[in-house]
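Peer 1: Coordinates for the following, if possible.
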Amino acid sequence: MKFNIVKFSNLLLSVIALSIFAITDSSAQKVSVEGYTYQSGNRGYLGQVKLEIFDLNTDELLAETHTDNDGYFSLKFDKGNYKLLFSREAFYPIERNIYVNSTEKQFLKVEMQHKPGYLFEVTLAEKKEFPEQVVDAISGALIEVYNNTTGNLILELKDYQAPEFKVNLEKGNHYTILVRKEGFLAKRMEAYVDVEGCIVCIDGVGKVTPGVSDNLTDGGEYGVLLANVEMDRLFEGKKLVINNLYYDVGKYNLRPEAKIELDKVVRLLKYNPNMSVELSSHTDSRGDDTYNQKLSEERAKAAVNYIIYNGGIERRRIQAKGYGETQLLNRCSNGVQCTEEEHQMNRRTEIKIIGIEVLTEFKPLVEMKREEQMELLLKEIENQGQIKLKEGETIEDYVKNSTAKDRPENNEKEYNQELNDTQKQIMTTEIYTKPSTDIFPENMEVVTDQIPSENEDIMANSVVVENNDGIKYHVALHRSIDVLSADHQIYKDYNDVKEIRRKDGIFVIYIGDFDDAVSAINLLEAVQSKYPNASIIKTKSGKLIE
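Peer 2: Reported below is the predicted structural model:
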């Protein structure tokens with residue numbers, strides 16, 4: 001059979017022509033549908049609204065798109081019946097049915113109603129060091145907003161060049177807003193809208209004002225909040241005062257309200273992982289200078305131990321320093337009559353930045369929030385006792401699949417009956433406010449410096465301990481017949497865990513290495529919320545003193 005190339009070529013051209021005609025003809029049948037989305041109450045066009053297109057008869061999703069920044073959309077449809085679904089965070093979704101039966105262009109105006117809540121408008125700028133200073137607006141930041149109520153990241157703006165951003169805050173939700181930029185301290189804000197007793201509460205912002213024209217519109221169901229948020233520049237030597245970190249007079253043990261303030265320091269360090277600091281304690285000038293110096297050192301140690309062992313901050317990132325009365329902020333030196341308010345100004349705790357590392361990237365806020373939630377769940381589990389994991393199961397799996405009522409009670413044998421009387425005494429509450437000398441070695445000197453009679457209460461419950469015999473003090477967290485596995489939770493909680501074996505073969509797992517019992521007591525207090533059966537042990541030359 002002879003193949004006719006000419007006939008084949010003509011046939012091929014005919015097929016191509018028919019195809020082009022079919023495409024052109026199909027395109028000609030499409031109908032334009034254009035429109036705008038806008039906010040109710042004449043508040044303007046609403047951009048970036050999600051638009052989903054469904055077949056009205058089968059409810060099959062055919063396509064999805066978004067309106068532009070001005071709320072405009074333009075679509076092409078074949079003849080048929082369609083459902084359009086418009087949705088945007090903080091707005092009620094709305095459906096529109098369209099019937100394309102002719103070639104006539106259609107135009108839609110879609111009004112969307114805001115859900116109850118607030119539009120939070122933030123302007124970022126560098127914090128002023130003095131009132132007259134002229135500062136620049138901050139651009140190029142990483143801005144993230146996390147909804148703690150739903151567990152979702154609702155906004156992420158990377159290298160955002162504008163100094164202003166907006167976020168919708170719906171009623172019944174708690175949000176974390178985190179702003180980070182190289183060269184500045186991370187700025188974290190917490191927003192509560194109609195939760196935890198707050199109609200609207202925003203922590204971490206100096207001043208929030210209502211919008212001029214949109215304040216509490218729609219019968220108080222919706223409003224605009226404006227805030228100028230200042231960010232602190234990050235540099236070595238910068239000092240931050242820890243507010244409301246008070247101690248009982250003459251004491252160094254942490255009060256419950258002090259721990260709340262130190263938890264804020266923990267968050268500061270976790271959200272600024274490139275920063276290392278010195279935590280310093282200062283006293284007023286009343287009382288003996290030497291005593292005040294020692295008292296401030298013990299207070300700083302107590303705070304740092306809490307941050308390290310309860311907050312999980314690496315020891316290399318924080319150091320304790322006591323300055324006594326050597327850095328007064330006012331005229332109230334020895335012998336000067338001052339008011340209690342003036343003395344209080346000098347009794348302070350400060351954070352000074354002493355080191356800054358270069359970060360290659362920021363840890364995502366979602367990951368940080370999940371770590372926080374995991375820590376809370378682990379503490380809850382630890383307070384209830386030991387857990388047993390199935391083969392191949394991780395603690396993350398356990399937390400995900402368990403509820404509080406499902407978790408087993410404590411079945412761990414801690415050998416508390418084998419603690420000697422001295423150890424049991426150390427675990428009593430009295431030891432934290434009034435240490436007893438019978439826990440100290442016989443040749444340890446207890447120094448109680450003399451204080452003027454009008455301030456005798458300052459020394460009522462205080463001792464300064466000097467150790468001269470090489471004995472070391474530690475905090476025992478756990479006792480076990482066997483050596484702990486390398487993946488035990490203790491090794492995740494602390495990075496300086498050690499173990500020692502008693503004469504009866506029991507392994508004692510401990511942390512801390514102190515020359516004085518006072519520091520060990522401070523540490524014991526810091527870890528007892530996580531390890532309630534913790535106690536103090538003593539060693540000498542690496543051997544346990546029993």
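
Peer 1: How many residues are close by the residue nearest to Phe73 when sequence neighbours are not counted?
Peer 2: Leaving aside its chain neighbours, Phe73 sits nearest to Thr67 (4.6 Å; criterion: C-beta to C-beta, 6 or more residues apart in numbering). From N, CA and C alone the C-beta is placed, and that goes for glycine too. Neighbours of Thr67 under the rule other C-beta atoms under 10 Å: 23.

Peer 1: same thing with Ile511?
Peer 2: Using other C-beta under 10 Å, Ile511 has 21 other residues around it.

Peer 1: Do I have it right that it meets Asn495?
Peer 2: No: at 9.1 Å, Ile511 does not count as touching Asn495 under the criterion of C-beta atoms under 8 Å.

Peer 1: related to what we said a few turns ago, hang on, the residue nearest to Phe73 packs against Glu34?
Peer 2: No: Thr67 is beyond contact range of Glu34, at 10.9 Å (criterion: C-beta under 8 Å).

Peer 1: Overlap of the contact sets of these two?
Peer 2: Residues touching both Thr67 and Glu34 comprise Phe73, with contact defined as C-beta atoms under 8 Å, 6 or more residues apart in numbering.

Peer 1: Okay, now the unreliable bits of the stretch 1-150 of the chain?
Peer 2: Where the stretch 1-150 of the chain drops to pLDDT under 70, the residues are 1-28.

Peer 1: Pull the contacting residues for the residue nearest to Phe184 when sequence neighbours are not counted.
Peer 2: Of all residues not flanking Phe184 in the chain, Met231 sits nearest, at 4.5 Å (C-beta to C-beta, 6+ apart). By C-beta under 8 Å, 6+ apart, Met231 lies in contact with Leu124, Ala125, Glu126, Lys127, Ile138, Val179, Lys181, Phe184, Leu185, Lys187.

Peer 1: Drop anything exposed from these.
Peer 2: For the contacts of Met231, a burial check counting by 16 or more other C-beta atoms under 10 Å picks out Leu124, Glu126, Ile138, Val179, Lys181, Phe184, Leu185, Lys187.

Peer 1: wait, Cys338 sits on Leu329?
Peer 2: No: contact criterion C-beta under 8 Å: Cys338 and Leu329 do not qualify, at 11.4 Å.

Peer 1: Who has more neighbours out of these two?
Peer 2: It is Cys338, of Cys338 and Leu329, that has more neighbours when counted by other C-beta under 10 Å, with 18 against 12.

Peer 1: Any idea how many residues pack against the closest residue to the more buried one other than its chain neighbours?
Peer 2: Among residues not flanking Cys338 along the chain, Cys332 sits closest, at 3.9 Å (C-beta to C-beta, 6+ apart). Close neighbours of Cys332, defined as other C-beta under 10 Å, add up to 20.

Peer 1: same question, Val241
Peer 2: By the criterion of other C-beta under 10 Å, Val241 has 10 neighbours.

Peer 1: dump the residue contacts of it.
Peer 2: Val241 neighbours (C-beta under 8 Å, 6+ apart): Arg348, Thr349, Glu350, Ile351.

Peer 1: Paired strands for the host helix or strand of the second one, with orientation please.
Peer 2: When elements are assigned from DSSP states H and E, Thr349 belongs to strand 348-356. Within its sheet, strand 348-356 is paired with strand 239-242 (antiparallel), strand 275-282 (antiparallel), according to DSSP bridges.

Peer 1: Kindly present those as TSV, with separate columns for mean pLDDT and distance to Phe86.
Peer 2: Listed next are the strands paired with strand 348-356 as TSV, based on pLDDT from 0 to 100; distance: least, C-beta to C-beta, whole Å:
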stretch	mean pLDDT	distance to Phe86
strand 239-242	87	46
strand 275-282	95	45
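
Peer 1: what's the most buried one of the ones you listed?
Peer 2: For those, average neighbour numbers computed from mean count of other C-beta atoms under 10 Å are highest in strand 275-282, which has a mean of 22.

Peer 1: State the next helix or strand along the chain beyond that one.
Peer 2: Next along from strand 275-282, by DSSP H and E: helix 289-309.

Peer 1: could you pull out the helices for the stretch 401-546 of the chain?
Peer 2: 421-426, 430-433, 489-493, 517-527 (DSSP state H, counting those that start in this stretch).

Peer 1: Any idea which of these has the lowest pLDDT on average?
Peer 2: The minimum mean pLDDT among the helices of the stretch 401-546 of the chain belongs to helix 430-433 (a mean of 25).

Peer 1: just for the stretch 251-400 of the chain, where's the confidence low?
Peer 2: Residues of the stretch 251-400 of the chain that meet the cut-off, pLDDT under 70, sit at 378-400.

Peer 1: let's go with 50 and repeat that
Peer 2: Low-confidence segments of the stretch 251-400 of the chain (pLDDT under 50): 400.

Peer 1: May I see the buried residues of stretch 85-92?
Peer 2: For stretch 85-92, a neighbour-count test (16+ other C-beta under 10 Å) marks Phe86, Arg88, Ala90, Phe91 as buried.

Peer 1: in the sheet, who's paired with the first one?
Peer 2: The residues paired with Phe86 through beta bridges, assigned by DSSP bridges, are Leu51, Ile94.

Peer 1: Surely it and Gln48 touch.
Peer 2: No: using C-beta under 8 Å as the test, Phe86 is too far from Gln48 to be in contact (11.3 Å).

Peer 1: give the contact list for Lys270.
Peer 2: Lys270 touches Gly311, Ile313, Met368, counting by C-beta under 8 Å, 6+ apart.

Peer 1: how far is the helix or strand hosting it from where the chain is centred?
Peer 2: Per DSSP H and E, Lys270 falls inside helix 256-271. Distance, stretch centre to chain centre, for helix 256-271: 10 Å (C-alpha atoms, centre = their mean, to the nearest Å).
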